[in-house]
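A.B. asks: based on what follows, work out the 3D shape:
(chains A, B, C and D)
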Protein chains: 2
Amino acid sequence: MDQNPPRSTSVTVADVARKAGVSKATAARVLGGYGTVSDPVRDAVTAAARALDYRPNELARSMTTGRSGTIGVVVGDIENPFFSLAMRGITDVARQAGFTVILINSGEDVAVEKAAIRTLLAKRVDGLIVSPAKESNVDHLQEAARSGRPLALLDRGSETLDVDTVIADDRHAAEGITRRLIALGHRRIAYITACDTPDHVFRVPSDVNTGSVRRRVEGFLGVCREAGLQGMEGWVRVGAITPDHTRGIVSAMLQSSERPTAIIASDSVIGLEVFKTSRAAGIAIPDELSLVSFHDADWTSVTSPPVTVVRQPVYRLGETAAKLLVERLNGYEASARRVVLQTELIERASVADAPA
Amino acid sequence: MDQNPPRSTSVTVADVARKAGVSKATAARVLGGYGTVSDPVRDAVTAAARALDYRPNELARSMTTGRSGTIGVVVGDIENPFFSLAMRGITDVARQAGFTVILINSGEDVAVEKAAIRTLLAKRVDGLIVSPAKESNVDHLQEAARSGRPLALLDRGSETLDVDTVIADDRHAAEGITRRLIALGHRRIAYITACDTPDHVFRVPSDVNTGSVRRRVEGFLGVCREAGLQGMEGWVRVGAITPDHTRGIVSAMLQSSERPTAIIASDSVIGLEVFKTSRAAGIAIPDELSLVSFHDADWTSVTSPPVTVVRQPVYRLGETAAKLLVERLNGYEASARRVVLQTELIERASVADAPA
DNA sequence: TTGAAAGCGTTACCAT
DNA sequence: ATGGTAACGCTTTCAA
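C.D. replies: Okay, the predicted model is just below:
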């Protein structure tokens, strides 16, 4: 029973081999679980390994095999329930497939995203899942794709990037709620998103670089146009990047003489702030203001009134992206797949006829 | 302008050295940013690196330096807003300090946690941040600590583990809200937690293995005892691990003849489900039932009535754990530090006098 | 300031 | 079935 303190320098296959009285190659075979070895030798090596408390060095292993068993994930903000749920989907699939996940937060900043990709590539991740901050700026992703490591896009696609992509049917969802609101008599409908433009004002959909949001805005404007509503571009508000920003935007709107009769919130964090702000301003939902939010966050059913939402299959978004990536990692070679997951409108009580 | 397709095998220092007409050692020095080199040589190497689009292989670097620039994080469930917010704190600090984060979800399962630690150690993370599923079962953490890699505990401590720990003042918080409820005349006060016991029933605090929750339960029971309330152990309910489980527990309670007049929810996910279930059962909050929840999730102020919560400095919990770890990584050697962050009771409108 | 060569801990190829 | 040995891409003495 030698209980000597484990020396700081870790034990290697060579140590195990020596102790078991075999060659390094043989020890490596049983430790690594490859090649063929006789039972007695296997037992001896196993015993030696246990005695020495051998721990494989995955770094060294990756060094020679070229696979790190790691996938890199870059998301906008892990604190946002949307991403944390998608992340759960990713990690579940990854773990089951034997991969480990490196998470980097881009804060929706392209420069950070760029650096993240470099870091991840330098660490030799086997593959990448990215939710690109801006669709227009994907050179670094091109580069990643070219590096030979598979890349999957999450929630936000890119026309120019021919890689596996998993998104929700955002345009369709936006069209649906816009139609519904118009049918209820709404004409002053605001769309609020966290996406920003250089001068913080929206003019045309191409101003919005986040794929999922651009598609929604296009859907929104398209239906408005089709219904004869002109100049609705003015009702699209960008830059709701924090609750404070959102509050500023919403209260300004609510105080103006031509205030909106309906608001579409691009995510649940914004939806919540719209709810808070209008309540604080004494404006009643849904009598004076209708509210629809993307993402059926768990609390949306519990407010008074409960809020009408677009349910997105968020967990499955992450899960699917990870699955596609793992397939690539296992050698799948066919051309890029684009998966569009369906959303569902959950009608609750935050939407009503436009006030007279 | 050679635009030849980048060959699949990556370019190494040797390639750069050759192109720059210097030795591998010299090239490595400028590429790695260490040692001393003359300006002309530096420029030549830099130019060659750019021309070849050289990317350092961090794996190889880690191999020789022994540092991977990575910290491993094991949490119960990244989908829970508590952990996703703490995670944000961790990643922010890590990134700023030049570390990358590997995230593993334990699902509060000790076996998974154990495997996670092994994996992380095998990947040679420089340090670990763990939110241990069970305080009583920390052999694998002992082991991690002994491996020489620093370990920091998040939200849940361990008496037997002498490592840096960051927790909230859970006991104190629980005592505060319990006193308040008792002062309002409540006698049937339930405490509901996700933590489970083998037979799903609670008898004594030591049944609860999750540090933070055990401390809260101790605080709760202590104040009850001190106020002359006996047998309150029967009001502690464990196993609210999913919304469905929670609903089952709550609705059973609400239907019993001796139903609680107040409920303390151990996290916001449970708090939300209590809210939903009691509403569905037609039981009015706070007139017929008072509710206090741990974690001031963003939605808690927006329900009707808004819910009284214990505000925990969640982001700072993660941030602080990461800071302590990074200090260790930078050579800090003194004995283990235990940081206790203060909570705050946010009184809103879900708590009232006990019904007559 | 620069270069040659020895590791780091694996895997993998080629003999035996 | 087993052993010897050359990679993998980098850092790091030690000399020159």
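
A.B. asks: which stretches in chain A count as helices?
C.D. replies: A:13-20, A:24-32, A:39-52, A:58-65, A:81-96, A:110-122, A:139-146, A:170-183, A:211-226, A:243-255, A:268-280, A:314-329 (DSSP state H).

A.B. asks: worst mean pLDDT among those helices?
C.D. replies: Note on the helices of chain A: helix A:139-146 shows the lowest mean pLDDT, a mean of 88.

A.B. asks: next, the buried residues of it.
C.D. replies: For helix A:139-146, a neighbour-count test (16 or more other C-beta atoms under 10 Å in any protein chain shown) marks A:140, A:141, A:143, A:144, A:145 as buried. (C-beta placed from N, C-alpha, C; glycine too.)

A.B. asks: quick check: closest non-adjacent residue to the residue in the stretch 151-300 of chain A positioned nearest to chain B.
C.D. replies: Here the residue of the stretch 151-300 of chain A nearest chain B is residue A:299; by C-beta to the nearest C-beta that distance is 3.4 Å. Leaving out its chain neighbours, the residue that sits closest to residue A:299 by C-beta to C-beta, 6 or more residues apart in numbering or on different chains is residue B:299, at 3.4 Å.

A.B. asks: could you tell me how many residues sit around the one you found?
C.D. replies: 24 (other C-beta atoms under 10 Å in any protein chain shown).

A.B. asks: break chain A into its domains for me.
C.D. replies: According to automatic domain parsing, chain A is divided into the following domains: A:13-64, A:69-168+A:314-342, A:170-312.

A.B. asks: of these, which is nearest residue B:239?
C.D. replies: Among the domains of chain A, domain A:170-312 comes nearest to residue B:239, with 19.4 Å by C-beta to C-beta.

A.B. asks: please name the residues that touch the closest residue in space to residue A:123 that isn't next to it in sequence.
C.D. replies: In space, and not counting its chain neighbours, residue A:123 is closest to residue B:58: 4.7 Å by C-beta to C-beta, 6+ apart. Residue B:58 sits next to A:122, A:123, A:124, B:68, B:69 when contact means C-beta atoms under 8 Å, 6 or more residues apart in numbering or on different chains.

A.B. asks: one more: residue A:320?
C.D. replies: With contact set as C-beta under 8 Å, 6+ apart, residue A:320 has these partners: A:89, A:166, A:339, A:341.

A.B. asks: residues near residue A:356, how many?
C.D. replies: 4.

A.B. asks: need the pLDDT of it.
C.D. replies: Model confidence at residue A:356 (pLDDT) stands at 84.

A.B. asks: how close does it sit to DNA strand C?
C.D. replies: 74 Å (C-beta to the nearest atom of the strand, to the nearest Å).

A.B. asks: gap between the two ends of stretch A:321-341?
C.D. replies: End-to-end span of stretch A:321-341 (C-alpha to C-alpha, to the nearest Å): 11 Å.

A.B. asks: what comes up buried for that stretch?
C.D. replies: Buried-residue list, stretch A:321-341, by 16+ other C-beta under 10 Å: A:321, A:322, A:323, A:324, A:325, A:326, A:327, A:328, A:329, A:339.

A.B. asks: roughly how far apart are the last one and residue A:320?
C.D. replies: It refers to residue A:339. 6 Å (C-beta to C-beta, to the nearest Å).

A.B. asks: intersection of neighbour lists for the two?
C.D. replies: Common neighbours of residue A:339 and residue A:320 (C-beta under 8 Å, 6+ apart) are residue A:166.

A.B. asks: tell me how many other residues crowd residue A:342.
C.D. replies: 12.

A.B. asks: that one and residue A:176 touch, don't they?
C.D. replies: No: using C-beta atoms under 8 Å as the test, residue A:342 is too far from residue A:176 to be in contact (11.2 Å).

A.B. asks: JSON lines for the buried residues of stretch A:321-341, including distance to residue A:248?
C.D. replies: Listed next are those as JSON lines, based on distance: C-beta to C-beta, whole Å:
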{"residue": "A:321", "distance to residue A:248": "34"}
{"residue": "A:322", "distance to residue A:248": "37"}
{"residue": "A:323", "distance to residue A:248": "40"}
{"residue": "A:324", "distance to residue A:248": "39"}
{"residue": "A:325", "distance to residue A:248": "39"}
{"residue": "A:326", "distance to residue A:248": "43"}
{"residue": "A:327", "distance to residue A:248": "45"}
{"residue": "A:328", "distance to residue A:248": "43"}
{"residue": "A:329", "distance to residue A:248": "45"}
{"residue": "A:339", "distance to residue A:248": "37"}
